[in-house]
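A.B. asks: Quick one, fold the following:
(2 chains)
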Amino acid sequence: KAGVTQTPRYLIKTRGQQVTLSCSPISGHRSVSWYQQTPGQGLQFLFEYFSETQRNKGNFPGRFSGRQFSNSRSEMNVSTLELGDSALYLCASSLASQNNEQFFGPGTRLTVL
Amino acid sequence: QQQVKQSPQSLIVQKGGISIINCAYENTAFDYFPWYQQFPGKGPALLIAIRPDVSEKKEGRFTISFNKSAKQFSLHIMDSQPGDSATYFCAASKNTGNQFYFGTGTSLTVIP
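C.D. replies: Sure, this is the predicted structure:
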């Protein structure tokens, strides 16, 4: 089976712009979670989607949003980018939405200038 | 606040030695405890995971020890190899979804 894929792998944006990141989960997986990884804060949970519904949400401002499509693919959007949004954004997929093994993609490296 | 505390921050071990990384948690609602390995430029990869109904789980050279009363769990890497050099993260989650709380990571270096 193919693993979790994320596109694009690298992005450079300027402050104030918005960005959309994409994640395709492992075939058959219906849960997609997003994490932000930075050297200072480590891995922090953004949100989880299951069957097109947001199941859980971390402690991030409303500028961070996401959605999931009927084929389980997910997108994450960040509006009005700030310098502090520079990070590796990781997507993880899981078979179901209850304490299951999560498999991570390679991440999207976002740099905000 | 940090829901899962991990130590040490960095670890240097000789080839063939045992690497031990420790994690502690406070929330007794956590009931799934995975360990992830991450190489530079890659996403974290699931190594091994445990649920609180067992005190130990072993997969190859990797063992998780779990102490429910102390709210601690640890990863032991036996016969450590240079290829094990990576950053290791412990994590915990509740039975209400897939929201994982991660430790701050341990950078392991195995010296040949």
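A.B. asks: Can you pull the residues of chain A lying near chain B?
C.D. replies: A:4, A:31, A:33, A:35, A:42-45, A:48, A:50, A:55-56, A:58, A:90, A:92, A:94, A:97-107 (C-beta under 8 Å from any C-beta of the partner chain). For the C-beta atoms, the positions are set from N, CA and C on the backbone; glycine is no exception.
A.B. asks: Just the buried ones from those residues?
C.D. replies: Buried by 16 or more other C-beta atoms under 10 Å in any protein chain shown: A:4, A:31, A:33, A:35, A:42-45, A:48, A:50, A:55-56, A:58, A:90, A:92, A:94, A:97-100, A:102-107, out of the residues of chain A next to chain B.
A.B. asks: Okay, and which of those residues map to strands?
C.D. replies: A:31, A:33, A:35, A:42-45, A:48, A:50, A:55-56, A:90, A:92, A:94, A:103-104 (DSSP state E).
A.B. asks: farthest-separated two in the residues you listed?
C.D. replies: A:Gly42 and A:Phe50 (24.2 Å; C-beta to C-beta).
A.B. asks: do you know how far A:Ser93 is from A:Glu101?
C.D. replies: Distance of A:Ser93 to A:Glu101, given as C-beta to C-beta, to the nearest Å: 10 Å.
A.B. asks: what's the answer for B:Ser107, then?
C.D. replies: Distance from B:Ser107 to A:Glu101, by C-beta to C-beta: 24 Å.
A.B. asks: Ok, B:Ile21 next?
C.D. replies: 20 Å.
A.B. asks: Repeat that for B:Ile18.
C.D. replies: 26 Å.
A.B. asks: A:Thr14 now?
C.D. replies: 38 Å.
A.B. asks: Surely A:Ser20 is in contact with A:Ser74?
C.D. replies: One correction, residue A:20 is Thr, not Ser. No: contact between A:Thr20 and A:Ser74 fails when scored by C-beta atoms under 8 Å: they sit 10.8 Å apart.
A.B. asks: who has more neighbours, these two?
C.D. replies: Taking other C-beta atoms under 10 Å in any protein chain shown, A:Thr20 and A:Ser74 do not tie; A:Ser74 has more neighbours (25 against 14).
A.B. asks: what bridges to the most centrally placed residue in chain A?
C.D. replies: Note on chain A: the residue nearest the mean C-alpha position is A:Trp34, at 3.3 Å, using C-alpha atoms, centre = their mean. Using DSSP bridges, the beta-bridge partners of A:Trp34 come out as A:Phe47, A:Cys91.
A.B. asks: least trustworthy helix or strand in chain A by mean pLDDT?
C.D. replies: strand A:53-57 (a mean of 91; mean pLDDT, DSSP states H and E).
A.B. asks: immediately after it, which helix or strand?
C.D. replies: Reading on from strand A:53-57 to the C-terminus, the next helix or strand found by DSSP states H and E is strand A:64-68.
A.B. asks: Okay, strands next: where are they in chain B?
C.D. replies: Taking DSSP E as the criterion, chain B carries its strands at B:4-7, B:10-14, B:19-25, B:30-38, B:45-50, B:56-59, B:62-67, B:72-77, B:86-94, B:100-102, B:106-111.
A.B. asks: Tell me the buried residues in the first one?
C.D. replies: Neighbour counts using 16+ other C-beta under 10 Å place B:Val4, B:Gln6 of strand B:4-7 among the buried residues.
A.B. asks: Likewise for stretch B:8-19?
C.D. replies: Buried-residue list, stretch B:8-19, by 16+ other C-beta under 10 Å: B:Leu11, B:Val13, B:Ser19.
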